[in-house]
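*Asks:* Here is a sequence with its predicted model. Questions after.
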Amino acid sequence: MKRFFVLVLLLPWLGCRPAPVSCPERLRVDVGPLEPAQFLSQSIAAAKVAGADAFEPLAGALVSEGEQLGRFVELPTERCIAVFARTGASVRDVDLFVFDDSGDVLAADEAPSSAAAVMVCPPHPKRVYVAARVVSGTGLFAMGAVTVPPAAAEAVARALVVRGRPGEDTGKLAAWPGLERRLRERRAALGSRWEDVRRASLTLDPHATATLSVRVEPQRCLDIFATSSEEIATLSLDVLDREGRVVAHGRPMSSEQALVVCSPSAEELTLALRPRGARGTAAVVVATSPRGAAVELAAQAEVASTMPLLAIESALARHRKRPGTHQTAADGVAEAGRVKAIALELAPGCTRWDVVGGAPLGRFRVELWSREGELLDRADAGPSAALFACAPKATPVRLEIVSLGERGPFVVEQTAGPRAPILEAHSRAAARIFQRIEAAAGPVDLGALDGVEVVDASPRHERTITVGEGCAEWFVAADEPRSLLLDAVPLGTRRLGQARGTGLAVLETCAETSAEASLRVSASEQGTVLLLRR
């Protein structure tokens, strides 16, 4: 017994014999990353059957909710690129974006789905940034790309279920059919550029007010769009500032509400929605504009403004801290429903008038008219507004002001600038450019439009421009409120962008190195416009 016992104890140290005892297989561990080609094999095969070229892996990982993955991708000149992401069953929603170097979105798929795909076709930048965002869930994720001949783009797009190409839905508002299309049409009519900052679905009850908080940044505008479900025939929408004052009110008797609210300073706003007569839901989409966009929007939208109200002495003291000379030209009291006219004189060159209001005067409308009855400039503003006009010789003008709310005092201050023959011949267009620069960058120098030129505005007008390293702004302005289009088309692979506006359009171009491009200036009516690069 003793010998047998010792032998049993030693067996584990002697190892396994080939027979009749069998050993378990050794555990094999792959410590490498998730291989995208294997995870995406079905999508790759479908894309290649539809006509796609080579596949390139972009990312493979275990991801969690809220995580973002991205990388730069160099694009072939004459090929489209299709980027697609697929996830495991435990990831319920993933979004996919393609950005250019200036940060503009070239394509996006924001559908509530665990699969996403986008496509970008020539003309496109040489380099893009591809980013994926996990909206919901935790699990495996893989992302890859295929190059696609333009002739096969439609077939590959169908095979991969591509969304978000220019003029198409991104899927972000799939729960509200047709809403994304209506938003695209609305923002194209408004002009400028818009970026969504808030999307929400609210449950509405006629016995209670539903609220949503949004923030507007200094010198920016918010486009607020709300639409209700079919159970609700009438929806009311109010925008309130932090003191509870109503800044803007939607139009009555409608199931859709759309407002533009601009602010000279950062403000916290509250959207208050309430249905009449029935319960239901509402979709609310809020987008923000670039700095100074109010000048581009005023002709297309009724623009409301937030404003701090100060006593006239305090408002003037704050205004006079700005650089430049301050010469008082007139003062008075603005009344609601009654236009007050003030005779002024426009000196040779360009002149600026600042209209500063004091409490309780809030919003007001101010217009500048020539002796012949031509509108030189106007603003719906508060608590202050700047007007600009240019003339080759001393000219009498008339300033008209009316309160859009409470009766209150105002002061008009005048600043004269240097002679500028081109601006004097196109005073209204020059005023639009001055106002846009003022709104975006602060007090404008009346001699700051060096390099402005007169060009024909038509689809046939095209010129070669040199886009230097870094970013630049292109302004095109008309004397009349015509629809304008600026379109920068590459002479190679770099897509520069497009801008629309009424009376004024502003396009920002950005480049890593100097490049040449074709700039097209179009208008709804034939005529001349001012073109300026800053």
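*Replies:* It's in.
*Asks:* show me where the protein has helices.
*Replies:* For the chain, helices defined by DSSP state H occupy the ranges 2-14, 36-39, 41-49, 153-160, 179-190, 294-297, 312-319, 421-425, 427-441.
*Asks:* Can you give me the neighbour number for the spatially closest residue to E56 that is not a sequence neighbour?
*Replies:* Closest residue to E56 in three dimensions, ignoring its sequence neighbours and counting by CB to CB, 6 or more residues apart in numbering: A145, at 5.1 Å. The C-beta positions use only the backbone N, C-alpha and C, and glycine is treated the same way. Residues within reach of A145, counting by other CB atoms under 10 Å, total 24.
*Asks:* ok, now the one 3 residues further on?
*Replies:* Using other CB under 10 Å, V148 has 26 neighbouring residues.
*Asks:* Domain-wise, how is the protein divided?
*Replies:* 36-160, 179-305, 312-441, 453-533 (automatic domain parsing).
*Asks:* so can I have TSV of these showing mean pLDDT and distance to G447?
*Replies:* TSV is the format used below for those (pLDDT from 0 to 100; distance: least, CB to CB, whole Å):
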stretch	mean pLDDT	distance to G447
domain 36-160	88	29
domain 179-305	82	20
domain 312-441	87	5
domain 453-533	73	13
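*Asks:* all strands of the stretch 151-300 of the chain, in order?
*Replies:* Counting by DSSP state E, counting those that start in this stretch, residue ranges of the strands within the stretch 151-300 of the chain are 195-204, 210-216, 220-228, 235-240, 246-249, 256-263, 267-275, 280-288.
*Asks:* mind listing what the fifth one pairs with, with the direction of each?
*Replies:* Partner strands and pairing direction for strand 246-249 (DSSP bridges) are strand 235-240 (antiparallel).
*Asks:* Give the buried residues for the strand it pairs with.
*Replies:* By neighbour count, with 16 or more other CB atoms under 10 Å as the criterion, the buried positions of strand 235-240 are 235-240.
*Asks:* Could you check how far that strand is from the centre of its chain?
*Replies:* Taking the mean of its C-alpha atoms, strand 235-240 sits 23 Å from the chain's own mean (CA atoms, centre = their mean, to the nearest Å).
*Asks:* Which among the strands of the stretch 151-300 of the chain is found nearest to L507?
*Replies:* Of all those, it is strand 195-204 that lies closest to L507, at 15.9 Å by CB to CB.
*Asks:* Would you format the strands of the stretch 151-300 of the chain as TSV with distance to E345 included?
*Replies:* Formatted as TSV, these follow (distance: least, CB to CB, whole Å):
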stretch	distance to E345
strand 195-204	44
strand 210-216	38
strand 220-228	34
strand 235-240	40
strand 246-249	36
strand 256-263	31
strand 267-275	37
strand 280-288	40
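*Asks:* Would you mind finding the most buried of those?
*Replies:* Counting by mean count of other CB atoms under 10 Å, strand 220-228 has the highest mean neighbour count of the strands of the stretch 151-300 of the chain, with a mean of 24.
*Asks:* got the angle between that one and strand 280-288?
*Replies:* Direction vectors for strand 220-228 and strand 280-288, defined by axes from the mean of the first three to the mean of the last three CA atoms, to 10 degrees, enclose an angle of 160 degrees.
*Asks:* Check which strands are paired with strand 220-228 and give the direction for each one.
*Replies:* Within its sheet, and counting by DSSP bridges, strand 220-228 is paired with strand 256-263 (antiparallel), strand 280-288 (antiparallel).
*Asks:* Can I get it in CSV, CA atoms only?
*Replies:* In CSV, the C-alpha atoms belonging to strand 220-228 read as follows (Å, rounded to 0.1, in the frame of the first residue of the first chain):
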residue,chain,number,x,y,z
ARG,A,220,-24.7,83.9,-33.7
CYS,A,221,-28.2,82.9,-34.6
LEU,A,222,-30.3,79.9,-33.8
ASP,A,223,-32.7,78.3,-36.3
ILE,A,224,-35.5,76.8,-34.2
PHE,A,225,-37.8,74.4,-36.0
ALA,A,226,-40.6,72.4,-34.4
THR,A,227,-43.2,70.1,-35.9
SER,A,228,-46.0,68.1,-34.2
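*Asks:* Can you check what angle separates that strand from strand 210-216?
*Replies:* Computed by the same axes, to 10 degrees, the angle between strand 220-228 and strand 210-216 is 160 degrees.
*Asks:* what's the closest non-adjacent residue to the residue nearest the centre of the chain?
*Replies:* Most central in the chain under CA atoms, centre = their mean is W194, positioned 2.2 Å from the mean C-alpha point. Once flanking residues are discounted, W194 sits nearest to A287: 4.0 Å by CB to CB, 6+ apart.
*Asks:* which ones are touching the residue nearest to E56?
*Replies:* Remark: with contacts taken as CB atoms under 8 Å, 6 or more residues apart in numbering, A145 is in contact with 55-56, 58, 73, 81-84, 130.
*Asks:* TSV please, covering the strands paired with strand 220-228 and showing distance to V476.
*Replies:* Formatted as TSV, the entries for the strands paired with strand 220-228 read as follows, by distance: least, CB to CB, whole Å:
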stretch	distance to V476
strand 256-263	22
strand 280-288	23
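*Asks:* And those strands: which comes nearest A386?
*Replies:* Each of the strands paired with strand 220-228 was scored for nearness to A386 using CB to CB, and the closest is strand 256-263 (14.4 Å).
*Asks:* now that closest one against helix 427-441, angle please.
*Replies:* Here strand 256-263 runs at 80 degrees with respect to helix 427-441, directions being taken by the same axes, to 10 degrees.
*Asks:* ok so, going back, enumerate every residue touching the residue nearest to W194.
*Replies:* Each residue near A287 by CB under 8 Å, 6+ apart is listed here: 183, 187, 194-197, 222-223.
*Asks:* hang on, the earlier thing: tell me the spacing between the residue nearest to the centre of the chain and V130.
*Replies:* Taking CB to CB, to the nearest Å as the measure, W194 falls 22 Å from V130.
*Asks:* now H207
*Replies:* To V130, H207 is 48 Å away according to CB to CB.
*Asks:* Pick out whichever of these two has more residues nearby.
*Replies:* V130 (24 against 7).
*Asks:* Distance check, the more buried one against F410.
*Replies:* Note on V130: its distance to F410, by CB to CB, is 53 Å.
*Asks:* what does Q526 give?
*Replies:* Plainly put, Q526 is 40 Å away from F410 if you go by CB to CB.
*Asks:* What of A157?
*Replies:* The spacing between A157 and F410, counted by CB to CB, is 58 Å.
*Asks:* Comparing Q526 and F410, which residue is more hemmed in?
*Replies:* Higher neighbour count among Q526 and F410: F410, with 26 against 10, using other CB under 10 Å.
*Asks:* How about L530, nearest residue that isn't a chain neighbour?
*Replies:* A429 (4.5 Å).
*Asks:* Quick check: L222 touching E268?
*Replies:* No - at 11.8 Å, L222 does not count as touching E268 under the criterion of CB atoms under 8 Å.
*Asks:* what do the two both touch?
*Replies:* Once CB under 8 Å, 6+ apart is applied, the residues that L222 and E268 both contact turn out to be V214.
*Asks:* Enumerate every residue touching A477.
*Replies:* A477 makes contact with 426, 429-430, 432-433, 484, 503-505, 529-530, 532 under the criterion CB under 8 Å, 6+ apart.
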